[in-house]
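Q: turn this into a structure:
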Amino acid sequence: GKPRKEIIREYDLTPSSLDKWVGQSQKSGSFKEKDNLTDEQKELLELRKRNKQLEMENDILKQAALILGRK
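A: Residues are numbered from 1 along each chain as shown. Next up is the predicted model:
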């Protein structure tokens, strides 16, 4: 219920920051960054997670091959 200028001054914000937060809240109902990612950002996070998983699996297989190669 406060005027926009008062909120900006009270919380030491830039007008663009306040506009971004208001837009996020209206779009997703949340101010959390993870709830306001674009589809491309979500896909990138998933791909990075999958890549890390595959690298770990590859390292495990390399270690297993070394162990089995010694026997």
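
Q: following element in sequence after the helix or strand of the chain with the lowest mean pLDDT, please.
A: Ranked by mean pLDDT, DSSP states H and E, the helix or strand of the chain with the weakest confidence is helix 15-28, at a mean of 83. Proceeding N to C from helix 15-28, the next assigned helix or strand is helix 39-70, under DSSP states H and E.

Q: tell me the spacing between Lys71 and Glu57.
A: Using Cβ to Cβ, to the nearest Å, we find Lys71 at a distance of 22 Å from Glu57. Quick note: C-beta positions are derived from backbone N, CA and C, even for glycine.

Q: surely Pro15 is in contact with Ile8?
A: Yes. Pro15 is within contact range of Ile8, at 6.0 Å (criterion: Cβ atoms under 8 Å).

Q: quick one: which of those two has more around it?
A: Per other Cβ atoms under 10 Å, whichever of Pro15 and Ile8 has more neighbours is Ile8, with 15 against 11.

Q: now name the helix or strand holding the more buried one.
A: For Ile8, the element it lies in under DSSP H and E is helix 4-10.

Q: now do that helix: everything it contacts.
A: Under the contact criterion Cβ atoms under 8 Å, 6 or more residues apart in numbering, helix 4-10 has outside partners 2, 13-15, 18.

Q: equivalent analysis for stretch 20-38, please.
A: Under Cβ under 8 Å, 6+ apart, the answer for stretch 20-38 is Leu45.

Q: burial check on the nearest residue to Lys2 once chain neighbours are set aside, number of neighbours?
A: The shortest distance from Lys2 to any non-neighbouring residue, by Cβ to Cβ, 6 or more residues apart in numbering, is to Glu10 (7.6 Å). Neighbours of Glu10 under the rule other Cβ under 10 Å: 9.
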